[in-house]
Each structure stands twice: as C-alpha cells, then as structure tokens.
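Q: Got a predicted model here, sequence first, then my questions.
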Amino acid sequence: MIAADHSYLDNAVLPSGDSPELVLVPASLEERIAALKLNSPAWKGPLDLDAYITRENHLAQQSLTKDGLITWLLVVQGQPEGERTILSSCETYKKKAVLVQNGKVEYVPALSIGSVFCRPEFRGKGYAKRMIQELVMKMDMEPKATNKVPFSLLYSDIGKKFYAQFGWKPYPSAHFSLPPVPKDAYDRAIVRSDLPTARTLVADDVRRFMCSADVVQKELEILRAASQRSPSAKVGVIPDFDHFKWHWAREEYYAELLFKDKAPPLIKGAGDDQSRVYCAWNRNFGETPEESTLYILRWVYDEPTSSEETEKTAQAMATIIRRAQLEAYEWNMAKVQFWNPTSVMERAVAILDPTAQIVHREQDSVACLRWHGAEQDKEVEWFWNEKYAWC
Ligand SMILES: CC(C)(COP(=O)(O)OP(=O)(O)OC[C@H]1O[C@@H](n2cnc3c(N)ncnc32)[C@H](O)[C@@H]1OP(=O)(O)O)[C@@H](O)C(=O)NCCC(=O)NCCS
C-alpha cells in the first residue's frame, strides 16, 4: 500500500484540498495498517514500527474500542481500494456518554476523534482541513437521521484555532504537574506531615470503588440536580471500567516490552477508605524518562460540605498524590499529572507544595467539544473532564 502511495506521489499532480475529487472513506484493514505506518513517526514513541502496530492492534481489541473504532482516510474518488493514496487520516471512537437537561438524564453515544494526521510531504495543502470538514458533514447528517450523537470531543495537540474553525470549542485544559518522590523522602514526608498513609488499589479495587453502579448514580444525581438549576446541557463521557482497562492495556504493553525484569504494573491507583477518596492512574511511557508521566486518570470523592470536611478530603488527596509521586519514581517517570483540578485538589497540592502552580495548556492536549444537538448555540458544560476520557 505504501508503495502505491509513493508512486502516486512521484507520478501525479496532487489535487488541492478543496478539490471535488476528494472523499472521506473508512479504511480497509490493510489501509489502516498503511495509515499507521505513515503516522508512526508521530506517535510510536520508544517503540519500533512493528511494536507500534502491535500496540495499536492490541488497543483496538479492548472492550472500549473494539466495536466503535473507524480509521478514516481522505482519498481521491475512484481510486481502487488497496491502491488509494492516503492524503490524510484520522480515527473516530464511539463512547458511552450522558446528556442531562431539565432534570432528565439520557444515555447517548458520543464520538471521540483522534490521530489526525497528514504525512509531512503532503502538509500545508489543506488535506487535514478537508478531512475534518468531510467528517463534520458526516457527523452532522447522523443526528438528523437518528438524533443520537449529541456531541464529539477531541484533544488538540495543535492549539485551539485549527479545530475551532469546525466548531470544536476549547474547554478547561489545566493540570498540576508534580515531581516523583523517592521512597525515603516519601516515608519522611508522611511521618513529618502526619498525613495518613494511602492504600494502593489494584484493578479490581478501581472497579469497586470508582466504577460501581452506586458511584455512577451518585455522580448522575449531581448532574441531574445541577441541570434543574441551570438551562445548559450537561454532558460527560461515562467514566466506566472499560476506560481504565484501555489505559492499562497500553501501559502493560509498554511495561512488558521496556521493563522485562520488573514486576508488572499492578498498582493502578491509590485511595483513603476513611475519607472515601480514590484515584486511578496509568503510566504513560514517553520516548525518554523525561517525557514519561504518571497520569491520574480520574478522582472519585464526596464533595465536602463544610470547611472541616474540605480539609479532611484535601489531606486524604494529598497523601494519595504523594503515593502517586512515589509510584512515578519507582517507574522512572518524570512527573505526576492530573487534569482540571477542583478547589479541594488545589488545597491538597498546596499542602504538599505551596509553590506549585496550575498549568493551562494552550497547545497540547487541549480538550475540545463540539455540540451536534438541535439547538445550535446551546451552552454546554463538560463534566468529568479528566484524563480517563482521552484516547
Ligand atoms: C496537524 C496536521 C494534521 C495538519 O495537516 P495539513 O494537511 O498540513 O493541514 P492543512 O493544510 O489542512 O491545514 C493547515 C492549517 O493547519 C495549521 N496547522 C498545521 N500544523 C499545525 C500545528 N502544529 N500547530 C498549529 N496549527 C497547525 C496551519 O497553521 C494551517 O492553518 P491556516 O489554515 O490557518 O493557515 C499535520 O501537520 C500533522 O499530521 N502533524 C503531525 C500530527 C499531529 O500533530 N496531528 C494533530 C493531532 S491533534
């Protein structure tokens, strides 16, 4: 397939991005692999090409993605399948989501867009733009037919402007970034600060403490109550166990390849049973340890209702963050990050490091949401805008 791409590049004049000849098509199995080969320099990180393709195939088999993943290609109409030149490519995933309005909770599918790519020699010709335009047209037709996909989301690594022109509005994209902490410093800090010790969570604990029907119902009740107080649509990707499993499939794949002598990464988060504060994390392995990050994918806790409760919750969070910092150290990672901290989380970080500053991302991983619902100018609030929903 790649050979066909290159011969086309040598022998033909490429159409412009606004040419009526261009169409967006779902990739065949072979074309999906060809698209992965093309985009591998952007996203393979420390893996070689084969390991990158195996990673992508492994992730595509996870319960989160196996039924709703489509690779889209921008191609010239009329080229036979298998010989089509890939001008640009991207992926869409279907996610389970909720839409809450006027006190009514609806379970809806949402679309997540990722891996938007144009190979270097074709860039600047308007292919990525055209691909996204075509995708938007397909998405906008779908709700009219089924009234089912009310919003889509993506995480832009190219700032806020490119996707805004197609209707994806940037949403809060802030995080704390904290350094790893070695064991002796961790022990000293816990003793000195008189903080409780966090318990570690394995996958099944995350399922029990963070994904149970009770937890989900409690969160939905918060959205429902909020929707009775304000007219905006409240949406969120359901933070189900499948999301965590997807992230862990990724980290376990890397760990097996890159840390052959180390025990597998079984600790998937930390918590405090007394305060009922829990978080789940994953290890994201970059090209170098400096680029490796332990992400807290999601927090679960009861919103405090008094200043004493706030302090207690913040203390529990502080000890959990410390535990995450120790985990980052043990996996040779450069930092711990968590997204869109609430005021209690800010307090927790201040307990650990009063000088730590929130970072507002302008360029990378900018959370963007596009509303496809009936009312065009509807105000839309994105709940649970945390790292777990990223893919
Ligand atoms: C980003 C990318 C898909 C753009 O492809 P392309 O076909 O060259 O894009 P187009 O020609 O359709 O559009 C060009 C527009 O995108 C903007 N753009 C391209 N790369 C950009 C970047 N890294 N940061 C910000 N804007 C960028 C250009 O400034 C231009 O804007 P203009 O229309 O206002 O002049 C391509 O550069 C790429 O594959 N990069 C590597 C992978 C990547 O980062 N993907 C984005 C993931 S969110």
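A: Perfect, I can see it now.
Q: residue contacts, Leu74?
A: By Cβ atoms under 8 Å, 6 or more residues apart in numbering, the residues touching Leu74 are 22-24, 86-89, 127, 130-131, 134. C-beta here means a position set from N, CA and C on the backbone, and glycine is covered the same way.
Q: Any idea what it is bridged to?
A: Beta-bridge pairing of Leu74 under DSSP bridges involves Leu24, Ser88.
Q: Residues of this protein that sit close to the ligand?
A: For the chain, the contact set with the ligand under Cβ under 6 Å from any ligand atom comprises 17, 42, 88, 116-118, 123-129, 156-159, 162.
Q: Please flag which of those residues sit within strands.
A: 88, 116-117, 156 (DSSP state E).
Q: Could you list the low-pLDDT ranges of the stretch 1-150 of the chain?
A: 1-12, 142-148 (pLDDT under 70).
Q: Going along the chain, name the strands of it.
A: Assigned by DSSP state E, counting those that start in this stretch, the strands in the stretch 1-150 of the chain fall at 22-26, 70-76, 88-101, 104-117.
Q: Centre of the chain to the helix or strand hosting Val235, how far?
A: Element membership for Val235, per DSSP states H and E: strand 233-237. Per Cα atoms, centre = their mean, to the nearest Å, the displacement of strand 233-237 from the mean C-alpha position of its chain is 16 Å.
Q: tell me the angle it makes with strand 104-117.
A: 60 degrees (axes from the mean of the first three to the mean of the last three Cα atoms, to 10 degrees).
Q: Parallel or antiparallel, list what pairs with strand 233-237.
A: strand 88-101 (antiparallel), strand 380-382 (parallel).
Q: model confidence over the last one, on average?
A: Confidence over strand 380-382, taken as the mean pLDDT, stands at 96.
Q: same deal with stretch 316-331?
A: On average, the pLDDT along stretch 316-331 is 96.
Q: Same check on stretch 158-175?
A: Confidence for stretch 158-175, expressed as mean pLDDT, is 98.
Q: Can I get that stretch as CSV, trimmed to CA atoms?
A: Extracted in CSV, the C-alpha atoms of stretch 158-175 (Å, rounded to 0.1, in the frame of the first residue of the first chain):
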residue,chain,number,x,y,z
ILE,A,158,-2.1,21.9,17.7
GLY,A,159,-3.6,24.6,19.8
LYS,A,160,-7.1,26.0,19.9
LYS,A,161,-7.5,27.5,16.4
PHE,A,162,-7.5,24.7,13.9
TYR,A,163,-10.4,22.7,15.4
ALA,A,164,-12.4,25.8,16.4
GLN,A,165,-13.0,26.6,12.8
PHE,A,166,-15.1,23.4,12.6
GLY,A,167,-17.0,24.0,15.8
TRP,A,168,-14.9,22.3,18.5
LYS,A,169,-14.7,24.7,21.3
PRO,A,170,-11.8,24.6,23.7
TYR,A,171,-12.7,23.6,27.3
PRO,A,172,-10.8,23.8,30.5
SER,A,173,-7.4,22.2,29.9
ALA,A,174,-5.4,22.7,33.1
HIS,A,175,-3.3,20.4,35.2
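Q: Tyr278 and the ligand, how far apart?
A: Tyr278 sits 31 Å away from the ligand, going by Cβ to the nearest ligand atom, to the nearest Å.
Q: do Pro172 as well
A: Applying Cβ to the nearest ligand atom to Pro172 and the ligand gives a distance of 18 Å.
Q: Pro20 too?
A: Taking Cβ to the nearest ligand atom, one finds Pro20 at 16 Å from the ligand.
Q: what about that residue, neighbour count?
A: 7 (other Cβ atoms under 10 Å).
Q: Repeat that for the one 5 residues further on.
A: Burial measure for Val25: 16 neighbouring residues, criterion other Cβ under 10 Å.
Q: Asn385 reaches Phe338, doesn't it?
A: No: contact criterion Cβ atoms under 8 Å: Asn385 and Phe338 do not qualify, at 11.6 Å.
Q: Give me the more crowded residue out of these two.
A: When neighbours are counted by other Cβ under 10 Å, Phe338 comes out ahead of the other of Asn385 and Phe338, with 25 against 20.
Q: residues near the closest residue to that one other than its chain neighbours, how many?
A: In this structure, Phe338 finds its nearest non-sequential neighbour in Ile296, 3.7 Å apart by Cβ to Cβ, 6 or more residues apart in numbering. Ile296 is flanked by 27 other residues according to other Cβ under 10 Å.
Q: what does the one 3 residues further on give?
A: Using other Cβ under 10 Å, Trp299 has 25 other residues around it.
Q: same deal with Arg188?
A: If you count neighbours by other Cβ under 10 Å, Arg188 ends up with 12.
Q: Now it: which helix or strand?
A: Applying DSSP H and E as the criterion places Arg188 in helix 183-193.
Q: Spell out which residues make up each domain of the protein.
A: For the chain, the structural domains run 2-170, 174-364, going by automatic domain parsing.
Q: separation between Ser173 and the ligand?
A: 13 Å.
Q: who's in contact with that residue?
A: 339-340, 360-361, 365-367.
Q: Weed out the non-buried ones from those residues.
A: Those of the contacts of Ser173 that meet the buried threshold are 339-340, 361, 366-367, by 16 or more other Cβ atoms under 10 Å.
Q: List the ones among those that fall in strands.
A: Reading strands off the buried ones among the contacts of Ser173 with DSSP E, I get 339, 366-367.
Q: from the residues you listed, which is closest to Ala356?
A: Set against Ala356, the nearest of these by Cβ to Cβ is Trp339 (14.7 Å).
Q: residue boundaries of the strands in the stretch 251-391 of the chain?
A: Remark: strands assigned in the stretch 251-391 of the chain by DSSP E, counting those that start in this stretch are 269-272, 277-284, 293-300, 335-339, 359-360, 366-371, 380-382.
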